[in-house]
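> structure of the sequence below:
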Amino acid sequence: MSYTPMRLLVVEDEPKMARMLQRGLAEEGHQVDVCATGEAALQQGLDVPYDAVVLDWGLPDMDGVSVLRAWRARGLTAPVLLLTARGSTGEKVTGLRAGADDYLVKPFDFDELLARLEVLHRRGGPVDQGAQPLGDLTLEVRRRVLRRGAVEVTLTGREFALLAELQALGGDAATRSRLLLKVWGGDFEGTGNVVDVYVGYLRAKLERLGTTRVTVEAVRGVGYRLVVSA
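Okay, here's the model as predicted:
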């Protein structure tokens, strides 16, 4: 059993490979979720705070690099190990530039994959949290955690992306349409009401931290802005 249990997402459409990875990683003590399509992976990766992701390049509905680019654009910070049958230098560079943290060419040895995941996890461990001050809070980017003293809450990928977009505006208001585009992407087919729902989720998590100087304020006729009081 590996000494550091992880929560992992495996995105692999080939059933035999997916079963092998899920079984082998679970036997090492890790919690493993599996997705077989890019569409399912997009949502899953943003909704759950994974320690690392194993992502196949060749998926039936969209390629893994497109999934990866969409994740990174929407705030996913978990390390991603890209699996592919493509072994050329140019293709490796494409994957790494899209946001992959490591690259493994099929066929591969399972022990090597496990070791690479453990290295990626250590890089994102307590020594390297990517902590940023936010008013009287601390935002740990790698873990997607908001902390106030000893109390902390974990943000989903969407919540994190929403907070990051509001924070980037430095107190200026963001329209619902802007937030919808930046956080959910141009291919999102739902309504703008989802922004209000997730603002509610974010506010609830801020409230769980107690009285804080950080609030999400509604701006009538516009949308929302992040307020950090002095």
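
> so how far is the helix ranked longest in the chain off the chain centroid?
The longest helix of the chain (DSSP state H) is helix 193-208. Distance of helix 193-208 from the chain centroid (CA atoms, centre = their mean, to the nearest Å) equals 18 Å.

> buried stuff in it?
By 16 or more other CB atoms under 10 Å, the buried positions in helix 193-208 come out as 194-195, 198-199, 202, 205-206. Bear in mind the C-beta positions are built from the backbone N, C-alpha and C, glycine included.

> and what of stretch 50-63?
By neighbour count on 16+ other CB under 10 Å, the buried set for stretch 50-63 is 50-57, 59, 63.

> what's that stretch in contact with?
6-14, 17, 21, 33, 36-39, 41, 45, 64-65, 67-68, 78-86, 95, 100, 113, 117, 120-121, 124 (CB atoms under 8 Å, 6 or more residues apart in numbering).

> out of those residues, which are buried?
Buried subset of the contacts of stretch 50-63 (neighbour count, 16+ other CB under 10 Å): 6, 8-13, 21, 33, 36, 38, 41, 45, 64-65, 67-68, 78-84, 86, 95, 100, 113, 117, 120-121, 124.

> where in this structure is pLDDT low?
The chain contains residues with pLDDT under 70 at 1-4, 87-89, 124-130, 142, 186-187.

> centre-most residue in it?
With distances taken as CA atoms, centre = their mean, the residue of the chain nearest its centroid is L76 (2.6 Å).

> if I pick that one, what's in contact with it?
Per CB under 8 Å, 6+ apart, neighbours of L76: 45-46, 157.

> try G157
So G157 contacts 45-49, 71, 74-76, 144 (CB under 8 Å, 6+ apart).

> so which of those residues is the closest to L169?
Lowest distance from L169 to the contacts of G157 (CB to CB) belongs to G75, with 14.7 Å.

> what residues go with each domain of the chain?
7-123, 131-228 (automatic domain parsing).
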